[in-house]
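A.B. asks: Fold the following for me, if possible:
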Amino acid sequence: MDHSMHDMPGMGDSEEMCSMAMLFTWNYKNTCVISSRWHIKTKFQMLLSCIVIFLSSYFYEYFKFKFNQYKLQNSMSNENEENKKKTRQHESFLYGLQVFYSFMLMLVFMTYNGWLMLSMTLGAIFGYYKYSSNNSSLTASLACH
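C.D. replies: Alright, predicted model coming up:
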């Protein structure tokens, strides 16, 4: 049976569709990151994506560092009960952002694309080197990253 005449809405040329890698790969073509809107089709787009992911991972380490500083600063201050409650709410919100951020990075890693995984790992290495301190382990988190 010939299905060539059947036109499926939203189904363009197979060259334009995102590939869903289930195994480790170094391919760049038709790699989608987090959503179909971030669709990598060229080597230049892969290079730009690697830079963005490197910076995202790097700044995740900065975010963790600043969150630890904030918690340390607030643990040393003498506040009344009302201010402690507001501070706790603010810390909880920042913690939620940290977890969301880490889960987004995890989704990037789950593309199984070696270039993107390498970019994320290098960003984490450089970010940790720049922002780690003796108190960097103060925050226990659900963060995957």
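A.B. asks: Centre-most residue in the chain?
C.D. replies: residue 105 (2.1 Å; CA atoms, centre = their mean).
A.B. asks: and that residue, that's in a helix?
C.D. replies: Yes - assignment of residue 105 by DSSP: H, G, I helix; E, B strand; the rest coil places it within a helix.
A.B. asks: I'd say it and residue 55 touch.
C.D. replies: No - contact criterion CB atoms under 8 Å: residue 105 and residue 55 do not qualify, at 11.6 Å. For the C-beta atoms, the positions are set from N, CA and C on the backbone; glycine is no exception.
A.B. asks: list the buried ones in the lengthiest helix in the chain?
C.D. replies: If you go by DSSP state H, the chain has its longest helix at helix 43-76. Of all the residues in helix 43-76, those buried under the rule 16 or more other CB atoms under 10 Å are 46, 49-50, 52-54, 56-58, 60-61, 63-65, 67-68, 71.
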